[in-house]
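Sequence and predicted model, in that order:
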Amino acid sequence: MIGIAGAGSFGTALAIALGREGRRVTLWARDPAQVAEMERTRRNEARLPGVDLPGNVTVTAEMGDLAAADMVLLSVPMQSLRPLLAGPGRQLNGLPLVACCKGIDLAALTGPSAILAACCPLSVAAILTGPSFAADIARGLPTALTLACADDAASERLQAALSTPVLRLYRSDDVLGAELGGALKNVIAIAAGVVIGAGLGDSARAALMTRGYAEMLRLATARGAKAETLAGLSGLGDLVLTCTSEQSRNFRFGLALGSGKGFDPSITVEGAATAKAVSDIAEKAGIDLPVTAMVAALIEGRLDLSTAMQTLLSRPLKKE
């Protein structure tokens, strides 16, 4: 049985995709009222309207129900991962755990793998990341993801259990690179949204994405990640997807910033917290990340849009 903690759009989509292939899935949600509604309608209308839960997907509000699983996917927002595992999720210590969140923890300035190691030291830890939208996965559209795990044998078992004919998982042993790619691309996606929202055009977005990717590579390799990991699904692949589609919450948030419009505060935008965390990391390490610094300053109100654009455009002309 596969357990999934977090009945948001991505967790629900994974439950649907795996359940559709005959896997037994237990999907945990924190809110008993949400669980009751999903069990009654067999849908998660608030997050994935119009898509039915397969009959072999059980929804629960009891964390203990996940303790009987063979493995657990952790599909909660990055800033919620540590509180979950330090609280009710302590029951999961010892089970193979796969973090599906993308970002940097603001308190410890670490990615999800460090949190798994600290909170659940008896568990094999893995990261599931890459270019994917929940709606595509739920609809059964082809999607390829990176499964990063330092334990090769466990990685093979997880890959076999979680792959389907249209949800293709590719293994990597570079856990740090995979999680940094997934975190950093969200920041660049916000910047891409700002560019389009401000009316600067697709050519400017392409340039921004290119320079943003250079920043991702610069920081990730400085921290010990492999450059080839950032060139794969979890880095460049995810960057392309989230910088070019309004399905991306980070891109939509950037659009709102760039156009001066409001944004629904109830929507989780992982890149907003990540921008601040990464800016702090880069400043301490002496690494120049101008796009990331601009995004953090915009979000925190330390920089207005026109000044931010001018700052980027006035960067010194030099060799590429």
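Yep, that arrived. Residues are numbered from 1 along each chain as shown.

CA atoms for contacts and neighbours, from now on please.
Will do.

what's the nearest residue to the spatially most central residue of the chain if we skip its chain neighbours?
Nearest to the geometric centre of the chain sits residue 102, at 2.9 Å (Cα atoms, centre = their mean). Counting by Cα to Cα, 6 or more residues apart in numbering, residue 183 is the residue found nearest to residue 102 once chain neighbours are left out, at 4.8 Å.

I'd say that neighbour and residue 269 touch.
No: counting by Cα atoms under 8 Å, residue 183 sits too far from residue 269 to count as a contact (11.2 Å).

quick one: which of these two has more around it?
Between residue 183 and residue 269, counted using other Cα atoms under 10 Å, residue 183 has the larger neighbour count: 30 against 21.

returning to that earlier point: list the residues that contact the residue nearest to residue 102.
Contacts for residue 183 were tallied using Cα atoms under 8 Å, 6 or more residues apart in numbering; they are 102-104, 270-271, 274.

Would you mind checking the average pLDDT for the strand or helix carrying it?
Under the assignment given by DSSP states H and E, the secondary-structure element containing residue 183 is helix 175-197. Per-residue pLDDT values across helix 175-197 average out to 97.

Then stretch 238-247?
Computed over stretch 238-247, the mean pLDDT rounds to 97.

Stretch 24-41: which residues count as buried?
Within stretch 24-41, the residues that qualify as buried are 24-30, 34-35, 38-39, counting by 16 or more other Cα atoms under 10 Å.

out of these, which are inside strands?
Taking DSSP state E as the definition of strands, the buried residues of stretch 24-41 contribute 25-28.

So which residues of the stretch 151-300 of the chain form helices?
Under the criterion DSSP state H, counting those that start in this stretch, helices of the stretch 151-300 of the chain are mapped to 152-162, 175-197, 202-222, 227-230, 238-244, 249-259, 270-285, 290-300.

quick one: which of the ones you listed is nearest residue 143?
Ranking the helices of the stretch 151-300 of the chain by their distance to residue 143 (criterion: Cα to Cα) puts helix 238-244 first, at 11.3 Å.

outside of that closest one, which residues touch it?
Contact partners of helix 238-244, identified using Cα under 8 Å, 6+ apart, comprise 130-132, 181-182, 185-186, 188-190, 192-193, 209, 213, 248, 250-251.

per the record, what domains does the chain have?
When the chain is parsed with the TED database, its domains come out as 2-173, 184-314.

Distance to residue 320 added to the ones you listed, as TSV?
Rendered in TSV, the data for the domains of the chain read as follows (distance: least, Cα to Cα, whole Å):
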stretch	distance to residue 320
domain 2-173	27
domain 184-314	10
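
Give me the mean pLDDT for stretch 297-304.
Taken as a whole, stretch 297-304 has an average pLDDT of 93.

end-to-end on that stretch?
Its first and final residues considered, stretch 297-304 spans 8 Å by Cα to Cα, to the nearest Å.

Which positions in that stretch come out as buried?
Neighbour-count burial for stretch 297-304, with 16+ other Cα under 10 Å as criterion, is recorded at 297-299, 303.

What is the most widely separated pair among those?
Of all pairs drawn from the buried residues of stretch 297-304, the one with the longest distance (Cα to Cα) is 299 and 303, at 8.3 Å.

what residues are shared contacts of these two?
Taking Cα under 8 Å, 6+ apart as the contact criterion, no residue touches both residue 299 and residue 303.

Kindly state the beta-bridge partners for residue 145.
residue 169 (DSSP bridges).

For the strand or helix carrying residue 309, buried residues please.
Secondary structure assignment for residue 309, by DSSP H and E: helix 305-313. When neighbours are counted by 16+ other Cα under 10 Å, the buried residues of helix 305-313 are found to be 305, 308-309.
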